[in-house]
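Engineer: Sharing a sequence plus its predicted fold:
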Amino acid sequence: MDEKEIKGMQEEDYQRREALRKILIELRDEIREKIAEEMGIKVAEDPRMSTISTMDSGDLAQLYLDTDIDYSILNMDIERLRNLEHVLDRLQEGSYGYCEDCGRPIKLKRLQVLPFTRYCVQCQEHRETMDYRGRVRKMRREEEPEDQRFFL
């Protein structure tokens, strides 16, 4: 490989990282905005924040259920934000965008759709197949009579 080819590969790698960085930063900003908006809306709408509250026990139960659901969704968004910050750190280090199993670059289209993915399509399929086989084996063991488990 000559110097020109190496520079071309470095430029291609740089452009790939910049395209990924742009996508990730846009997604991070969207998630941050969504979290801030949801938190502001929930505080403004919360009847417990008003001085006049005429809620009976049924209203309060529904309010607490809604609050729990909203809190769960908010926690999911916060977890996505944490994952995204981790991904941006990995991008800065130069380790983002490479399969953690085989080390090959993950296709840009896959990263655009699944920015938190850690595996290329082939390795992910292999992992899912192995996971499925493991679950099937476990189910079969659980279905076997106890006295036959030790003889297999």
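Structural biologist: Received it, and whenever you're ready, just let me know what you need.
Engineer: Below-threshold pLDDT in the chain: ranges please.
Structural biologist: Within the chain, the segments meeting pLDDT under 70 span 1, 6, 9, 40-70, 144-152.
Engineer: Going along the chain, name the helices of this structure.
Structural biologist: Secondary structure of the chain by DSSP state H: the helices cover 3-45, 57-93, 108-113, 121-143.
Engineer: closest one to Asp101 among the ones you listed?
Structural biologist: Evaluated over those, closeness to Asp101 peaks at helix 121-143, with 4.0 Å, by C-beta to C-beta. C-betas here are computed from N, CA, C, even on glycine.
Engineer: send the alpha carbons of that closest one over as PDB?
Structural biologist: In PDB, the C-alpha atoms belonging to helix 121-143 read as follows (Å, rounded to 0.1, in the frame of the first residue of the first chain):
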ATOM      1  CA  VAL A 121     -25.100  -8.000  11.500                       C
ATOM      2  CA  GLN A 122     -23.300 -11.400  11.100                       C
ATOM      3  CA  CYS A 123     -22.100 -11.400  14.700                       C
ATOM      4  CA  GLN A 124     -25.400 -10.200  16.100                       C
ATOM      5  CA  GLU A 125     -27.200 -13.000  14.200                       C
ATOM      6  CA  HIS A 126     -24.700 -15.500  15.500                       C
ATOM      7  CA  ARG A 127     -25.300 -14.300  19.100                       C
ATOM      8  CA  GLU A 128     -29.100 -14.500  18.700                       C
ATOM      9  CA  THR A 129     -28.900 -18.000  17.300                       C
ATOM     10  CA  MET A 130     -26.700 -19.100  20.200                       C
ATOM     11  CA  ASP A 131     -28.900 -17.400  22.700                       C
ATOM     12  CA  TYR A 132     -32.000 -19.100  21.100                       C
ATOM     13  CA  ARG A 133     -30.300 -22.500  21.200                       C
ATOM     14  CA  GLY A 134     -29.400 -22.000  24.800                       C
ATOM     15  CA  ARG A 135     -33.000 -21.100  25.800                       C
ATOM     16  CA  VAL A 136     -34.300 -24.200  23.900                       C
ATOM     17  CA  ARG A 137     -31.800 -26.400  25.800                       C
ATOM     18  CA  LYS A 138     -32.800 -24.900  29.100                       C
ATOM     19  CA  MET A 139     -36.500 -25.400  28.400                       C
ATOM     20  CA  ARG A 140     -35.900 -29.000  27.400                       C
ATOM     21  CA  ARG A 141     -34.000 -29.600  30.600                       C
ATOM     22  CA  GLU A 142     -36.800 -28.100  32.600                       C
ATOM     23  CA  GLU A 143     -39.400 -30.400  30.900                       C
END
